[in-house]
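Visitor: A predicted structure for the sequence below; I have some questions about it.
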Amino acid sequence: MPRIFGRPNYVMTRRRSLKNIHMKKQYNNKLGHVTLLLLLASSAAAPLFAQNNMPLQAKSYDVQNRTSKVYTTADQSDMRLTQNGTLNFKELKQPLETQICVFVDPAIKFQSFLGMGGAITDATAETFAKLSKDAQKEFLSAYYDRNKGIGYTLARTSINSSDFSSDTYTYVKDNDAALTTFSVAHDEKYRIPLIKQAIAAAGNKLTMFVSPWSPPAWMKTNNSMLKGGKLKPEFRQAWANYYVKFIKTYEKLGIPIWGLTVQNEPMATQTWESCVFTAEEERDFIKEYLGPTLHKNGLAGKNLIAWDHNRDQVFQRASVILNDPEAAKYVWGIGFHWYETWTGSAPQFENVKMVQDAFPKTNLLLTEASIEKFNPDSLKSWALGERYGNSIINDLNSGAKGWTDWNMLLDEHGGPNHVGNFCFSPIHADSRTGKLVYTNSYYYLGHFSKFILPGAQRVATASNRDKLIATSFMNPDGELVVVVMNKSNDKLAFNLWIHGEGAETTSLPHSISTYVIK
């Protein structure tokens with residue numbers, strides 16, 4: 001909701017207004033009546049601001065003199081990001097209750113857009129390395145070419161191993177607290193070459209952030225990188241130094257690092273690499289070790305992201321960390337995942353919105369999402385893409401500045417994964433045929449990443465039917481992008497309504513459409 005700031009003191013304003021009115025009446029009674037109206041109007045008015053403190057703009061968005069295109073992906077059809085029409089706007093001042101509408105007000109702006117992308121894991125890099133040169137080119141173009149593919153601009157990778165590695169590893173020898181043996185030689189075989197190709201394919205503009213799953217085993221209370229455990233107090237400084245070593249080493253190799261998360265899923269004790277931080281522990285590690293260490297080593301410009309876990313506890317974590325100014329001063333934002341559904345809960349988008357409302361200066365970013373329990377028989381399931389579309393729209397509408405998928409590429413088994421935690425990815429590689437298999441998740445992701453550019457701003461959007469969900473962004477060049485998803489079995493005719501103008505269009509059953517107006 002827009003907020004009102006700076007409302008004048010009513011009593012003082014009224015006193016000044018009456019005094020002015022009296023003086024004007026003595027000069028000219030007719031002029032005094034005009035002044036009365038002007039003064040009362042000015043004293044009652046207050047500037048309106050959007051959620052990110054951007055002023056609401058009264059300027060109307062003229063759709064009559066703009067061109068528009070529609071792109072659709074739909075179940076029971078061959079449409080996959082297919083251009084399938086244009087829009088014709090005409091006057092529609094007041095829609096009827098019986099008319100289905102998606103309402104867009106480009107004058108009301110919210111958060112800016114950082115980007116969308118996916119993680120370059122060891123599993124993704126190892127699978128990529130097994131592809132033919134032609135298939136590798138296809139993969140890079142499919143993800144990073146905005147014209148031929150879906151234009152990813154955001155990426156994530158791990159510090160040390162994750163479950164989507166073929167083995168467990170670190171970058172130092174045991175008990176080397178001074179980090180004199182630090183080396184990323186392991187990553188230079190598969191992961192670093194792919195990251196460099198990805199950066200080039202993205203036009204040398206790829207926003208990369210990094211995340212640790214676990215410190216080395218000897219730094220932890222359980223003496224294992226797996227199954228939780230905690231960072232030993234005596235190694236807090238050494239572990240903070242480890243992030244610095246990793247970032248500086250990757251950057252020396254030609255891989256710019258935009259930011260980092262403190263710890264992947266800090267409340268999860270997993271069978272794979274994991275490490276537990278309570279909210280207070282993460283807060284204190286940030287303010288006493290990681291934040292100062294980044295600053296002392298010339299990395300104050302790196303964007304530090306806290307939490308990096310599910311939506312269910314995102315507000316509690318944000319509250320503990322951001323209410324401490326000595327920790328908050330180092331934090332760019334709060335990262336979150338979508339896996340809270342493992343508890344039996346529905347997705348808890350309202351918790352993300354609560355963080356946005358409570359801490360409006362804090363950035364929000366979905367840092368990981370993946371559909372688990374891989375089953376090759378479900379590669380064509382339409383539910384895969386619909387879960388993505390539903391989450392992306394609701395996360396963006398809740399204040400997220402960007403959205404990061406998990407593995408960009410996995411093999412025909414949903415791996416490799418050294419603990420058997422096999423998952424889906426938008427694209428799978430079939431090692432038997434050498435072909436890439438595209439799930440509909442890829443196309444659903446593309447309806448956002450292909451059209452919404454970094455630097456865009458979300459604009460006010462509302463639907464009057466729950467079968468249609470939508471979000472809209474204004475690109476830096478003035479191009480308006482509206483994404484509408486139909487979750488139902490019904491073919492729905494509706495009006496896209498913008499400032500008193502409506503365009504009749506149709507949403508197919510189980511479809512997603514992007515409307516581009518420029």
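Guide: The structure has been received and is ready for your questions.

Visitor: count residues in the vicinity of the closest residue to Gly85 other than its chain neighbours, would you?
Guide: Distance criterion Cβ to Cβ, 6 or more residues apart in numbering; nearest residue to Gly85, sequence neighbours excluded, is Val70 at 4.4 Å. Backbone N, C-alpha and C define where each C-beta goes, glycine included. Close neighbours of Val70, defined as other Cβ atoms under 10 Å, add up to 21.

Visitor: how about the contacts made by Val70?
Guide: Listed by Cβ atoms under 8 Å, 6 or more residues apart in numbering, the contact partners of Val70 are 83-87, 505, 513-516.

Visitor: so in that sheet, which strands flank the longest strand along the chain, and in what orientation?
Guide: What stands out as the longest strand in the chain, according to DSSP state E, is strand 101-112. Strand pairing for strand 101-112, using DSSP bridges, gives strand 457-463 (antiparallel), strand 492-498 (parallel).

Visitor: kindly export it (C-alpha atoms) in CSV.
Guide: The C-alpha trace of strand 101-112 is given here as CSV (Å, rounded to 0.1, in the frame of the first residue of the first chain):
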residue,chain,number,x,y,z
CYS,A,101,-10.0,-7.6,-15.6
VAL,A,102,-6.4,-7.3,-14.7
PHE,A,103,-5.8,-3.7,-13.6
VAL,A,104,-2.4,-2.0,-14.1
ASP,A,105,-1.4,1.5,-12.9
PRO,A,106,2.1,2.3,-14.2
ALA,A,107,2.2,5.5,-12.2
ILE,A,108,2.4,3.6,-8.9
LYS,A,109,5.9,2.1,-8.6
PHE,A,110,7.4,-0.3,-6.1
GLN,A,111,10.8,-2.1,-5.9
SER,A,112,13.4,-2.1,-8.7
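
Visitor: report the mean per-residue pLDDT for it.
Guide: Computed over strand 101-112, the mean pLDDT rounds to 98.

Visitor: now it: buried residues?
Guide: 101-112 (16 or more other Cβ atoms under 10 Å).

Visitor: relative to Phe451, how far out is the residue nearest to Gly85?
Guide: For Val70, the distance to Phe451 equals 11 Å [Cβ to Cβ, to the nearest Å].

Visitor: repeat for Gly402
Guide: Gly402 is 14 Å from Phe451, by Cβ to Cβ.

Visitor: more neighbours: these two, which one.
Guide: Set side by side, Gly402 and Phe451 show more neighbours around Gly402, with 28 against 23, by other Cβ under 10 Å.

Visitor: tell me who's in contact with the residue lying closest to that one once chain neighbours are set aside.
Guide: Nearest residue to Gly402, sequence neighbours excluded (Cβ to Cβ, 6+ apart): Leu114, at 3.7 Å. Listed by Cβ under 8 Å, 6+ apart, the contact set of Leu114 reads 154, 207, 363, 365, 401-402, 454.

Visitor: returning to that earlier point: in CSV, list the contacts of Val70 along with distance to Tyr330 and pLDDT.
Guide: Listed next are those as CSV, based on distance: Cβ to Cβ, whole Å; pLDDT from 0 to 100:
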residue, distance to Tyr330, pLDDT
Gln83, 45, 97
Asn84, 48, 95
Gly85, 49, 91
Thr86, 48, 93
Leu87, 46, 93
Thr505, 46, 97
Ser513, 41, 98
Thr514, 37, 98
Tyr515, 40, 98
Val516, 39, 98
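
Visitor: can you give me the strands in the stretch 351-500 of the chain?
Guide: Here the stretch 351-500 of the chain has its strands, by DSSP state E, counting those that start in this stretch, at 363-368, 402-407, 409-411, 427-430, 435-438, 457-463, 468-474, 480-486, 492-498.

Visitor: joint contacts of Val70 and Phe451?
Guide: 514, 516.

Visitor: show me the contacts for Val262.
Guide: 277, 282, 285-286, 290, 304-308.

Visitor: let's see it at 7 Å
Guide: Val262 is in contact with 282, 285-286, 290, 306, 308, counting by Cβ atoms under 7 Å, 6 or more residues apart in numbering.

Visitor: also Leu81?
Guide: 71, 73, 443, 446-447, 450.

Visitor: what does Asn407 give?
Guide: 119, 121, 123-124, 164, 370, 423, 425.

Visitor: and the residues you listed as JSON lines, adding pLDDT and neighbour count?
Guide: Below are these laid out as JSON lines (pLDDT from 0 to 100; neighbours: other Cβ atoms under 10 Å):
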{"residue": "Ala119", "pLDDT": "99", "neighbour count": "25"}
{"residue": "Thr121", "pLDDT": "98", "neighbour count": "28"}
{"residue": "Ala123", "pLDDT": "98", "neighbour count": "30"}
{"residue": "Thr124", "pLDDT": "98", "neighbour count": "29"}
{"residue": "Phe164", "pLDDT": "98", "neighbour count": "31"}
{"residue": "Ser370", "pLDDT": "98", "neighbour count": "22"}
{"residue": "Cys423", "pLDDT": "98", "neighbour count": "18"}
{"residue": "Ser425", "pLDDT": "98", "neighbour count": "28"}
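
Visitor: can I get those in a markdown table with distance to Lys148?
Guide: Output for the contacts of Asn407, formatted as a markdown table (distance: Cβ to Cβ, whole Å):
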| residue | distance to Lys148 |
| --- | --- |
| Ala119 | 22 |
| Thr121 | 24 |
| Ala123 | 25 |
| Thr124 | 20 |
| Phe164 | 27 |
| Ser370 | 25 |
| Cys423 | 26 |
| Ser425 | 20 |
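
Visitor: tell me which of those residues is nearest to Ser183?
Guide: Looking at those and their distance to Ser183, the nearest is Thr121, at 19.7 Å (Cβ to Cβ).

Visitor: which residues touch the residue nearest to the closest one when sequence neighbours are not counted?
Guide: Leaving out its chain neighbours, the residue that sits closest to Thr121 by Cβ to Cβ, 6+ apart is Phe164, at 4.2 Å. Contact analysis of Phe164 by Cβ under 7 Å, 6+ apart lists 121-123, 407, 417.

Visitor: show me what contacts Pro347?
Guide: 311, 338, 340-341, 391, 394.

Visitor: can you redo those residues as JSON lines with neighbour count?
Guide: Putting the contacts of Pro347 into JSON lines (neighbours: other Cβ atoms under 10 Å) gives the following:
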{"residue": "Arg311", "neighbour count": "27"}
{"residue": "Trp338", "neighbour count": "25"}
{"residue": "Glu340", "neighbour count": "19"}
{"residue": "Thr341", "neighbour count": "15"}
{"residue": "Ser391", "neighbour count": "19"}
{"residue": "Asn394", "neighbour count": "20"}
